[in-house]
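In: I would like to see how this sequence folds:
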Amino acid sequence: MNLLLRWLLNAIALLLVAYLVPGFGVSSLYTALVVALVLGIVNAIIKPVLILVTLPINILTLGLFTLVINAVLIWFVSTLIKGFTISSFTAALIGGAILWVISWLTNSITKR
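Out: As a prediction, this is how the structure comes out:
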């Protein structure tokens, strides 16, 4: 049940980010649910490998390069799913940062 709640909250977070960030677009709730699912899978499989490969850069930037990795993964997912558009890397970077904050908040709430 907790997993489904997090999935729904992440989809709603995507819709919120699409509303707040120009150049970040999600066409519908269904698209947001699909994007949240695919983004979760990509973050579980590809992100750890990228973090390991870019570990020296991550250490030099005190972990801030992880935001760039998040933006690249979000931009990658936007190329896979119709109805999810990102017009620039800046939109992906800002959207990724906002998604991280919202996910952090929702994860802290759902763990209680």
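In: At which residues are the helices of this protein located?
Out: Using DSSP state H, the helices found in the chain span residues 2-20, 29-53, 55-60, 65-80, 89-110.
In: State the mean pLDDT of the longest one.
Out: Read that as helix 29-53. When pLDDT is averaged along helix 29-53, the result is 95.
In: and Thr90, what is it in contact with?
Out: Gly23 (CB atoms under 8 Å, 6 or more residues apart in numbering). To be clear about C-beta, it is placed using only N, CA and C from the backbone, and glycine gets the same treatment.
In: so how far is Ala11 from it?
Out: From Thr90 across to Ala11, the span is 23 Å (CB to CB, to the nearest Å).
In: Ok, Val34 next?
Out: 9 Å.
In: now swap in Leu3 and tell me
Out: Using CB to CB, we find Leu3 at a distance of 13 Å from Ala11.
In: more crowded one of the two?
Out: For Leu3 and Ala11, the more surrounded residue by other CB atoms under 10 Å is Ala11, and the numbers stand at 21 against 9.
In: Do I have it right that that one meets Val35?
Out: Yes: checked against CB atoms under 8 Å, the pair Ala11 and Val35 is within contact range at 7.4 Å.
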